[in-house]
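Asker: Curious how this folds, go ahead:
(2 chains)
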Amino acid sequence: MKFAIPFALFAVLVAFFAVGLTRDPREVPSPYIGKPAPAFQLEHLHAPQQSFKPQDMHGKVWLLNVWASWCASCRVEHPLLVEMDRRKVAPIVGLNYKDKREDALPWLQRFGNPYVLSVHDLDGRVGIDYGVYGAPETFVIDKQGIIRYKHIGPITPEALDKVILPLIRSLNA
Amino acid sequence: MNAAPGFLAVALLCAALGAWGQASEVARPDPVVEKRLKGLAEELRCLVCQNQTIADSNAPLAQDLRREIRTQISQGRTDSDIRAYMVQRYGDFVLYRPPFNAATALLWGGPAVLLVAGMVVLVLTVRRRKVPVDRPAGTKGGRKIQALLEDDA
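Answerer: Reported below is the predicted structural model:
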């Protein structure tokens, strides 16, 4: 009985730590969920004379995937994106972030190009507007251009099956 | 986790680059702009090296954000405009001095609550201890104590 209170306090502390351990401090909740995707206009990576803006995808559920040839985790994620493209999950637009054309283009040639198109964000300004802090990052954007979900880091098969695919299905319904 | 080695590398890189300093970031630094930049950047968290400020970190993102803050200062934006710009993109997490709201109530109020609770426990404990010592000499317990003390002498 004498130890009831210290034991209770200890139990509370353990509960706090247990919850804390399941959370990833590197995953910062995006303030953009439920808000319109920030507007931008950027050159295509493959065709610099053409430009892309998010409104071009109006009426489609699409993914915006931030990638770069210098980004090691992007290579980890890449086969899954290629697979998603093969399965026609949703159109994926690449935001080629702070990368040089002469590095980015061979990278896509080598590992495959899952993107309907990539845009070239050389100085990273659009990345900042989207709150990007670590590539790869993936945004799920609905038919009205609202950001519905953001995945930070490489998409895992688990996240794809449990979160992203069901979300895309419900947004397309 | 396959992200762990990458994270470690980034952490080490941040530490190394942070120590390097940022002497030559702009060709001709304007002292007024640099002073305001420093004031702002010291209260903004670098999202890549989360325990560093944007002022301290030399992660590419921190450099870009310093460049962005410089541009906005020269465009005549106020400090609160610039802070709002950061919060809009990265959320309250970017502020080292987060605003008081439902999510941060425990963060701001927690220490005060713990302090008050500690003082209550302290007062109660001290009060409880006093009781046997202050027992008046006329009671049964008091006489017993008196007897024991005299016995000892």
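Asker: When you work out contacts or count neighbours from here on, use the C-alpha atoms and nothing else.
Answerer: Fine.
Asker: Show me the helices in chain A, by range?
Answerer: Along chain A, the segments classed as helices by DSSP state H run A:4-21, A:72-86, A:101-111, A:125-129, A:157-159, A:165-172.
Asker: do the shortest one and chain B meet?
Answerer: No - with Cα under 8 Å from any Cα of the partner chain as the criterion, chain B is not reached by helix A:157-159; the gap is at least 13.7 Å.
Asker: how about the residues of chain A that lie near chain B?
Answerer: Counting by Cα under 8 Å from any Cα, chain A sits next to chain B at A:26, A:28-32, A:73, A:124, A:128-131, A:133-134.
Asker: what pLDDT does the residue nearest to A:Ile147 when sequence neighbours are not counted get?
Answerer: On the basis of Cα to Cα, 6 or more residues apart in numbering or on different chains, the spatially nearest residue to A:Ile147 that is not a chain neighbour turns out to be A:Ile141, at 4.4 Å. Among the per-residue scores, A:Ile141 shows a pLDDT of 95.
Asker: so what's A:Ile141 up against?
Answerer: A:Ala37, A:Val61, A:Trp62, A:Leu63, A:Leu64, A:Ile147, A:Arg148, A:Tyr149 (Cα atoms under 8 Å, 6 or more residues apart in numbering or on different chains).
Asker: Quick one: residues contacting residue 81.
Answerer: Since no chain was named, I'll use chain A. Per Cα under 8 Å, 6+ apart, neighbours of A:Leu81: A:Pro114.
Asker: nope, chain B
Answerer: By Cα under 8 Å, 6+ apart, B:Asp81 lies in contact with nothing.
Asker: Ok, A:Arg125 next?
Answerer: So A:Arg125 contacts nothing (Cα under 8 Å, 6+ apart).
Asker: May I see the contacts of A:Ile141 arranged in CSV, with neighbour count and pLDDT as well?
Answerer: Below are the contacts of A:Ile141 laid out as CSV (neighbours: other Cα atoms under 10 Å in any protein chain shown; pLDDT from 0 to 100):
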residue, neighbour count, pLDDT
A:Ala37, 22, 91
A:Val61, 24, 95
A:Trp62, 22, 95
A:Leu63, 24, 95
A:Leu64, 21, 96
A:Ile147, 23, 94
A:Arg148, 19, 94
A:Tyr149, 21, 94
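Asker: Would you mind putting the residues you listed into TSV with distance to A:Lys88 alongside?
Answerer: Converted to TSV, these look like this (distance: Cα to Cα, whole Å):
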residue	distance to A:Lys88
A:Ala37	22
A:Val61	12
A:Trp62	11
A:Leu63	12
A:Leu64	15
A:Ile147	20
A:Arg148	19
A:Tyr149	19
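Asker: In strands only, show me those.
Answerer: Counting by DSSP state E, the contacts of A:Ile141 place A:Trp62, A:Leu63, A:Leu64, A:Ile147, A:Arg148, A:Tyr149 in strands.
Asker: remind me which residues of chain B are low pLDDT?
Answerer: Along chain B, segments meeting pLDDT under 70 span B:1-8, B:10-24, B:130-138, B:152-153.
Asker: As a check, name the ranges of all helices in it.
Answerer: Under the criterion DSSP H, chain B contains helices at B:4-20, B:31-41, B:60-74, B:79-90, B:105-133, B:140-152.
Asker: among the ones you listed, which is nearest B:Asn51?
Answerer: Closest to B:Asn51 of the helices of chain B is helix B:4-20 (Cα to Cα; 9.7 Å).
Asker: For chain A, what's its nearest residue on chain B.
Answerer: In chain B, no residue comes nearer to chain A than B:Arg89, which is 4.6 Å away by Cα to the nearest Cα.
Asker: hang on, isn't that residue packed against A:Tyr133?
Answerer: No - counting by Cα atoms under 8 Å, B:Arg89 does not reach A:Tyr133; the two are 10.2 Å apart.
Asker: Great, nothing more from me.
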